[in-house]
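Asks: Turn this into a structure:
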Amino acid sequence: MEVVKKIAAHLKVFPKLRLGEKLPGGGVKPTGPHTVKFLEEPTTVLVVKEGKTIKHLKFIVEEKGAKYRWLVPIFDKEDQPHYLIERLTDIEVGDERVLEMKKRGARNYIEVLKPGAPVEEEPEEEEVEVEQ
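Replies: Model (predicted):
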């Protein structure tokens, strides 16, 4: 299936970066820390979810030599800027970050750290949805 891989790479069709996996009985299980390199400027994409069109930033990142796409919503459920937008403002093309889904009570959030940096304070409670 090399032809399919070449076409997918040419069309920039990459698998999703999975920071968490949905559990059959509900909930999300974090997949651990992911050290990624941001390969290019993000693009804006529209995602239709539950009949609603939501604007996302699509990042192309590389982890362990494989390219992935990572979608970050621009606005949260209350139409406020999503907390990840603030955490990603200082990242330049070529920078590396450690992305990790963490639990805070019944909610999950994504931690964004420089490799080797100390752990940040936990953000305000925010629900993170995982697409499948």
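
Asks: Every contact and neighbour count from this point should use C-alpha atoms.
Replies: Will do.

Asks: Tell me where this structure is predicted with low confidence.
Replies: Within the chain, the ranges that satisfy pLDDT under 70 run 118-132.

Asks: now the helices for it?
Replies: Assigned by DSSP state H, the chain shows helices spanning 2-10, 83-88.

Asks: In TSV, list those helices along with mean neighbour count.
Replies: Shown next, in TSV, are those (neighbours: other Cα atoms under 10 Å):
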stretch	mean neighbour count
helix 2-10	10
helix 83-88	14
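
Asks: Quick one, which of the ones you listed gets closest to T44.
Replies: Smallest distance to T44 across the helices of the chain (Cα to Cα): 12.8 Å, for helix 83-88.

Asks: what pairs with L57 across the strands?
Replies: Applying DSSP bridges to L57 gives these bridge partners: T44, V72.

Asks: wouldn't it be in contact with E41 here?
Replies: No - shown here, L57 and E41 do not form a contact pair, counting by Cα atoms under 8 Å, at 9.6 Å.

Asks: Neighbour count: those two, which is higher?
Replies: Shown here are L57 and E41; by other Cα atoms under 10 Å, L57 has more neighbours (18 against 13).

Asks: check contacts around the more buried one.
Replies: Contact analysis of L57 by Cα atoms under 8 Å, 6 or more residues apart in numbering lists 42-45, 71-74.

Asks: The nearest residue to P15 once chain neighbours are set aside pairs with what?
Replies: Distances taken as Cα to Cα, 6 or more residues apart in numbering place Y68 nearest to P15, at 5.2 Å, with adjacent residues excluded. Assessed by DSSP bridges, Y68 has beta-bridge partners V61.

Asks: just checking, Y68 touches K12?
Replies: No - between Y68 and K12 there is no contact under Cα under 8 Å: 9.4 Å.
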